[in-house]
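>>> give me a model of this one.
(one chain, ligands or ions: 1)
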Amino acid sequence: MEILRTAAEITRFAKAAQQAGKVIGLVPTMGALHEGHLTLMRAAKAKCDVVIASVFVNPVQFGPNEDYDAYPRRFEEDCRSLESVGVDAVFHPEPKEMYPEGYGTYINVESDFTRKLCGGQRPGHFRGVATVVTKLMNLSRAQEAFFGQKDAQQVLVIRRFVKDLNLQVNVNMVPIVREESGLARSSRNAYLSEPERAAALVLSRSLRKAENAWKAGETDAESLKKLVREEIQSEPLAEIDYVELYSFDELKEIQEVRGESLLALAVRIGKTRLIDNIIIG
Ligand code: PAF
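Numbers count the residues shown, from 1 in each chain. Coordinates of the predicted model:
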C-alpha cells in the first residue's frame with residue numbers, strides 16, 4: 001500500500017490509475033479505523049479497480065469547543081488495517097497541506113436540511129465536511145466514493161453538492177456496522193468508560209424498540225419518537241441532543257411514516273456525543 005502525504009503525491013498516483021483506465025474508489029475517513037470503516041473499504045474493493053482511503057482529521061469540520069485535539073489518532077495501526085483489506089493507497093496529509101497559508105475557499109450547502117439534526121447542533125460542521133470531501137474527490141479523481149449510513153445526513157449533504165456542482169462521482173451509502181451488543185461502530189466509542197459503554201447500548205435499543213413498533217403497525221411519527229425518548233430517558237447516564245424522524249431524501253417533517261424515513265438520534269453519554277439511526281418505511 002502506498003502512503004501519500006502531499007497533493008502532488010496523490011495526484012501522481014491518481015493520474016497513473018486514471019491513465020491506465022482504472023475505476024478509482026475513494027473512502028474518506030478521519031482514522032481510528034474500526035470494522036465500520038473496513039466494511040466501507042471492502043465495498044470499495046468490490047466495486048473499484050483501485051481504492052484510495054484518506055486518513056485526515058479535518059480541522060475545519062470541528063467547532064471551537066469540540067474534540068479536534070482529543071480525536072483519536074493511530075495512523076500506524078490504521079495502515080495495518082487498510083493493508084489487511086487490500087487498500088491500494090492511503091492519503092494522509094498534514095492540515096497545512098490541505099489548508100495552506102491564505103486558504104480561502106469553502107463549500108456551503110444551503111439546503112434547509114443542512115440546518116437540521118447535526119447541522120443544527122454543530123454550526124459549520126457540514127461546511128467543513130463538504131469542503132474537505134470536495135478536495136478529496138478532486139485529488140483522488142475517484143468515480144466512486146463510499147460513506148457510512150451512520151452519518152446519514154452527511155451522505156445527503158455530499159449527494160447534494162455532488163449533484164449541484166456536477167461532480168462526476170457516484171456516492172455509495174453503506175449500512176451501519178454494529179457490535180454484537182447493537183452499539184453502532186464509531187471512533188468516538190473509544191472515549192467511553194465501561195459503565196458508559198453499557199449505557200450507550202440504549203441508543204440502538206431505543207431505535208430497535210421503535211422499529212418493532214413500526215413493524216407492528218405504528219406509523220405515527222410523534223408516537224415513534226416518544227418511544228425512543230422514553231427508552232433513552234430510562235438510562236441515567238444518557239442525555240438527549242435530538243430524536244427526529246424525517247423523510248429520508250430531503251429531511252422534511254413528517255406526521256406519518258409512509259416512504260423511506262430516517263429515525264435519527266444524538267445522545268450524550270457523559271462527555272461523549274454519539275449518533276445512531278435507522279431507515280424505516
Ligand atoms: O465521516 C467522516 O469521518 C468525516 O466527516 C469525513 C467524511 C471523512 C470528512 O472528514
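
>>> for Gly31, list the residues it contacts.
Listed by C-beta atoms under 8 Å, 6 or more residues apart in numbering, the contact partners of Gly31 are Val55, Phe56, Val57, Pro72, Arg73, Arg74, Phe75, Asp78, Ser187. All C-beta atoms are positioned from the backbone trio N, CA, C, and that covers glycine.

>>> the helix or strand bottoming out on mean pLDDT in the chain packs against which elements?
Among the helical and strand segments of the chain, the one scoring lowest on mean pLDDT, DSSP states H and E is helix 117-121, with a mean of 92. When contacts are defined as 3 or more C-beta pairs under 8 Å, 6 or more residues apart in numbering; DSSP states H and E, helix 117-121 packs onto helix 125-140, helix 152-164, strand 238-247, strand 261-269.

>>> nearest to the ligand, out of the ones you listed?
For the helices and strands packed on helix 117-121, proximity to the ligand was assessed by C-beta to the nearest ligand atom; helix 125-140 is nearest, at 4.7 Å.

>>> save the contacts of Gly31 as TSV, and put in neighbour count, pLDDT and distance to Ile269 too.
As requested, the contacts of Gly31 are exported to TSV (neighbours: other C-beta atoms under 10 Å; pLDDT from 0 to 100; distance: C-beta to C-beta, whole Å):
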residue	neighbour count	pLDDT	distance to Ile269
Val55	23	98	26
Phe56	20	98	26
Val57	18	98	22
Pro72	17	95	17
Arg73	14	97	22
Arg74	15	97	22
Phe75	13	98	27
Asp78	21	98	25
Ser187	19	93	15
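
>>> kindly report the residues of the stretch 51-200 of the chain close to the ligand.
Asn58, Gln61, Val129, Val132, Val133, Asp151, Gln154 (C-beta under 6 Å from any ligand atom).

>>> mind running it again at 8 Å?
Residues of the stretch 51-200 of the chain found near the ligand (C-beta under 8 Å from any ligand atom) are 54, 56-58, 61, 128-129, 132-133, 136, 147-148, 151, 154, 158, 187.

>>> still on that earlier bit, next, the buried residues of the least confident helix or strand of the chain.
Of the residues in helix 117-121, those buried by neighbour count under the rule 16 or more other C-beta atoms under 10 Å are Leu117, Cys118, Gly119.

>>> ok, Arg273 touching Tyr242?
No: taking C-beta atoms under 8 Å as the definition, Arg273 is not a contact partner of Tyr242, at 10.7 Å.

>>> who has more neighbours, those two?
In this view Arg273 and Tyr242 are compared by other C-beta atoms under 10 Å, and Arg273 has more residues nearby, 18 against 15.

>>> residues in contact with the closest residue to Tyr242 other than its chain neighbours?
Of all residues beyond its chain neighbours, the one nearest Tyr242 is Ala266 (5.3 Å), with distances taken as C-beta to C-beta, 6 or more residues apart in numbering. Shown here is Ala266, whose contacts under the criterion C-beta under 8 Å, 6+ apart are Leu117, Cys118, Gln121, Ile240, Asp241, Tyr242, Arg273, Leu274, Ile275.

>>> fine by me, thanks again.
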